[in-house]
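In: build me a model:
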Amino acid sequence: MDVMTAIKTRRSIRAYKDIPVEDEKLEAVLEAGRLAPSASNRQNLKYVVVRDKALRDKMVDVAHGQKFVGQAPVVIAACAVKTDHIMPCKEFSYPIDVAIAVDHMTLEAVEQGLGTCWIGAFKQDEAKKLLGIPEEAGVVALLPLGYPDVSPDPKPRKSMEEIVSYNKWL
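Out: Numbers count the residues shown, from 1 in each chain. So this is what the prediction gives:
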């Protein structure tokens with residue numbers, strides 16, 4: 001599958017089949033995240049891979065009751081080890097670094113025949129407590145991973161004319 005096909009076919013999956021994710025497919029998804037670029041090549045990332053059903057069920061409450069989080073056979077907590085680095089543009093690097101890595105992971109998941117849903121609606125303090133994540137780390141996203149039970153239609157996107165200008169903001 002080429003990258004553009006993966007981009008066009010990726011969907012936010014909110015229903016998963018009760019089929020375990022094979023180790024080699026999970027490793028391919030994690031490898032995609034590992035290879036992602038990061039600010040100053042800091043590689044300030046850590047993934048907590050949750051396969052335990054009881055723990056995934058507890059994560060439903062952490063994710064404000066989103067039941068599909070517990071339904072997915074794998075949930076990946078995508079974290080930054082430290083949250084204090086500020087880039088010269090005056091932005092924190094950690095949410096950007098983790099976002100790039102998670103995006104790589106979502107596209108590799110499509111390649112592997114898997115589905116994901118980027119979860120930003122969760123209680124960070126509760127996620128840290130549940131998963132033993134240290135205070136100085138930042139949980140940027142939860143990423144359920146599994147075989148899709150449904151494949152939603154694509155969402156509408158703005159036209160290129162609406163989102164692109166050249167040389168100046170117009």
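In: contacts only, for residue 82.
Out: 44, 94, 136, 137 (C-beta atoms under 8 Å, 6 or more residues apart in numbering). All C-beta atoms are positioned from the backbone trio N, CA, C, and that covers glycine.
In: from what I can see the last one touches residue 78, true?
Out: This means residue 137. No - counting by C-beta atoms under 8 Å, residue 137 stays clear of residue 78, with 10.9 Å between them.
In: next step: the contacts of residue 82 restricted to helices.
Out: residue 94 (DSSP state H).
In: okay, and for the protein, where does confidence drop off?
Out: Applying pLDDT under 70 to the chain flags no residue at all.
In: one step back: out of residue 137 and residue 78, which sits in the more crowded spot?
Out: residue 78 (23 against 20; other C-beta atoms under 10 Å).
In: going by secondary structure, the more buried one is in what exactly?
Out: strand 74-80 (DSSP states H and E).
In: chain center to that strand: distance?
Out: 7 Å (C-alpha atoms, centre = their mean, to the nearest Å).
In: give me the contact list for stretch 96-110.
Out: Contacts of stretch 96-110 (C-beta under 8 Å, 6+ apart): 1, 3, 6-7, 9-10, 28-39, 42, 44-45, 76, 78-80, 115-116, 118, 138, 140-141, 143, 145.
In: among those residues, which are located in strands?
Out: Counted as lying in strands by DSSP state E, out of these, are 45, 76, 78, 79, 80, 115, 116, 138, 140, 141, 143, 145.
In: so who does the first one touch?
Out: Right, the one you point to is residue 45. Residues counted as contacts of residue 45 (C-beta under 8 Å, 6+ apart) are 33, 34, 36, 38, 78, 79, 80, 81, 97, 98, 101.
In: repeat that for the second one.
Out: For residue 76, the contacting residues are 29, 30, 47, 48, 49, 50, 105, 142, 143, 145, by C-beta under 8 Å, 6+ apart.
In: for PyMOL, write the select line for the buried members of the residues you listed.
Out: Filtering the contacts of residue 76 down to the buried ones (16 or more other C-beta atoms under 10 Å) takes a single PyMOL command:
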select buried, resi 29+30+47+48+50+105+142+143+145
